[in-house]
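Student: Here is my input, please return the structure:
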Amino acid sequence: MELYARIEQILAKLRPAFSREVPFEWFVLLLWGVLLSHQPAAVTSYLNGLGLNESFYGRALHWFNSQAFRIDEVCARWGQWLSKHTQAKTLKGHRVYAG
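Tutor: Prediction:
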């Protein structure tokens with residue numbers, strides 16, 4: 001399976017953690033920005049990785065304070081997904097997914 005399709009499949013499992021579609025879409029965008037950026041970790045770097053300009057910066061920052069999701073629920077869903085897959089490995093006692 002291509003990496004893009006696999007990531008999208010994983011993200012779909014996290015969708016129920018978000019009460020509204022727009023915050024989930026920002027989550028997806030920012031995650032792709034993290035994966036595509038080659039600059040130091042920062043919101044601006046993530047937007048640059050996606051080819052988005054500074055006009056999106058305020059909206060991206062707003063996502064971090066959104067009430068449409070709880071990060072502990074996102075993490076719990078990720079952990080549930082991770083525990084069901086044989087590709088998950090253990091690194092220093094923590095499960096990781098090697099794609």
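Student: pLDDT weak spots in this protein?
Tutor: When the per-residue scores of the chain are filtered using pLDDT under 70, the ranges that remain are 1, 98-99.
Student: now the strands for this structure?
Tutor: Assigned by DSSP state E, the strands in the chain fall at 88-91, 94-97.
Student: can you tell me which of those strands comes nearest to residue 35?
Tutor: Taking C-beta to C-beta, strand 94-97 is the member of the strands of the chain nearest to residue 35, at 13.1 Å. Heads up, the C-betas are built off the backbone N, CA and C, glycines and all.
Student: who touches the closest one?
Tutor: For strand 94-97, the surrounding residues in contact (C-beta atoms under 8 Å, 6 or more residues apart in numbering) are 79, 82-83, 85, 87-90.
Student: Neighbour count and distance to residue 21 for these - can I get that in CSV?
Tutor: Putting the contacts of strand 94-97 into CSV (neighbours: other C-beta atoms under 10 Å; distance: C-beta to C-beta, whole Å) gives the following:
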residue, neighbour count, distance to residue 21
79, 12, 23
82, 15, 24
83, 9, 27
85, 10, 26
87, 10, 29
88, 14, 28
89, 10, 33
90, 8, 35
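Student: Out of these, the closest to residue 31 would be?
Tutor: Ranked by distance to residue 31 (C-beta to C-beta), the contacts of strand 94-97 are led by residue 82 at 15.3 Å.
Student: quick one: contacts for that closest one?
Tutor: The neighbourhood of residue 82, defined by C-beta under 8 Å, 6+ apart, consists of 88, 95, 97.
Student: Out of the strands of the chain, which gets nearest to residue 60?
Tutor: Among the strands of the chain, strand 94-97 comes nearest to residue 60, with 24.9 Å by C-beta to C-beta.
Student: how far out from the middle of the chain is that closest one?
Tutor: 16 Å (C-alpha atoms, centre = their mean, to the nearest Å).
Student: Partner strands of that strand, with direction?
Tutor: Paired neighbours of strand 94-97 in the sheet (DSSP bridges): strand 88-91 (antiparallel).
Student: quick one on the thing from earlier: so for residue 19, which of the strands of the chain sits nearest?
Tutor: Counting by C-beta to C-beta, residue 19 lies closest to strand 94-97 out of the strands of the chain; the figure is 25.5 Å.
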